[in-house]
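> Just need the structure, nothing else, for what follows:
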Amino acid sequence: MPHWLLLSVLLSGLPVTAVQAESILEKIDRSLPAIVGIKARNPAFRKGDGQIAIPVGEHSLALEPFAAGQFERTGAGVLIDRKGLLVTNAHIVANADELSVILENGNIYEGKLLYTAADNDVAFLKAPLPAGIRPIPWGDSDALKLGDAVVTVGHSELLFHTISGGKITGLGTSRSEKEKGNADTALLQTSINLYKGDSGGPLLNHEGQLVGLMAAQETSGNFQSFAIPVNKIREQYDRFRSASEEP
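Numbering: from 1, shown residues only. Below is the predicted model:
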């Protein structure tokens, strides 16, 4: 039986037929090996209790507090090229000195942080993953419209590899960017509910393309979540590649 038939599917609110839903699941099923778990630790960290706030445009994503001497965060990451480069949220790996990358089969590899863009909550790391894992293809977040259907693959302990569906409910652009004449979307808001460990997971369109990276859950109880647009990630990816190229 295909793997995707074993998944718990939460596609409520998506205007699709059963045949279309099957097609979506098949596309996403092929992407599952490229979605990894990430565990970040720093046993010596002594900053103390507090919250981390990641600025994204005019928004500030407040993240859960952590205790002194107990620094450990879990999240997800996405393979974006065949050389083992992964993208995740900067807030997951910030201040960590030990990174573990966990594949869907449970195998664990040591990760190395290569690049961080905290203002965009984006980080790239690398791990010696097995050959043959196909990266998730890029999409275009600027092509998204309000009401567009999107899905994400859960990576929490509660809903591991569960496909959850929702819609784009907000497209944010910072005022400072508008004043510069740049209308690129700085943040995506969705109706998808996130759980602890889902940050860093992919936001996918119905072609199975990466259109965003899940970042935070709204704390008001409205079951809204925020994602970093993939075009912002691509900007940082291009900068990273340019900076890492040898002269």
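> what's the burial count for residue 110?
Look at residue 110: counted by other C-beta atoms under 10 Å, it has 11 neighbours. C-betas here are computed from N, CA, C, even on glycine.
> Return the residues in contact with it.
Residue 110 makes contacts with 99, 100, 101, 127, 128, as judged by C-beta atoms under 8 Å, 6 or more residues apart in numbering.
> give me that answer again for 10 Å
Shown in contact with residue 110 (C-beta atoms under 10 Å, 6 or more residues apart in numbering): 98, 99, 100, 101, 126, 127, 128.
> ok, now residue 243?
114, 115.
> before we move on, back to that, which one of the contacts of residue 110 is nearest residue 240?
residue 126 (10.8 Å; C-beta to C-beta).
> pLDDT score for the closest one?
With respect to pLDDT, residue 126 scores 95.
> I'd say it and residue 36 touch.
No - look at residue 126 against residue 36 with C-beta atoms under 10 Å: they stay out of range, at 11.8 Å.
> Need the overlap of contacts for these two.
86, 101, 109, 111.
> More neighbours: residue 126 and residue 36, which one.
Remark: of residue 126 and residue 36, residue 36 carries more neighbours, 29 against 19, as counted by other C-beta under 10 Å.
> For residue 83, see how far away residue 226 is.
Using C-beta to C-beta, to the nearest Å, we find residue 226 at a distance of 29 Å from residue 83.
> what about these two, which has more around it?
A direct count of neighbours by other C-beta under 10 Å for residue 226 and residue 83 places residue 226 higher, at 25 against 9.
> pretty sure the more buried one is in a strand, no?
Yes - counting by DSSP: H, G, I helix; E, B strand; the rest coil, residue 226 is part of a strand.
> Report how far apart the opening and closing residues of stretch 78-93 are.
The straight-line separation of the ends of stretch 78-93 (C-alpha to C-alpha, to the nearest Å) is 14 Å.
> How far off centre is it?
9 Å (C-alpha atoms, centre = their mean, to the nearest Å).
> can you pull the buried residues of it?
78-80, 84-93 (16 or more other C-beta atoms under 10 Å).
> quick check, nearest of these to residue 193?
Using C-beta to C-beta, the buried residues of stretch 78-93 come closest to residue 193 at residue 89, 17.4 Å.
> Out of the contacts of residue 110, which end up buried?
Buried members of the contacts of residue 110, scored by 16+ other C-beta under 10 Å, are 99, 100, 101, 126, 127.
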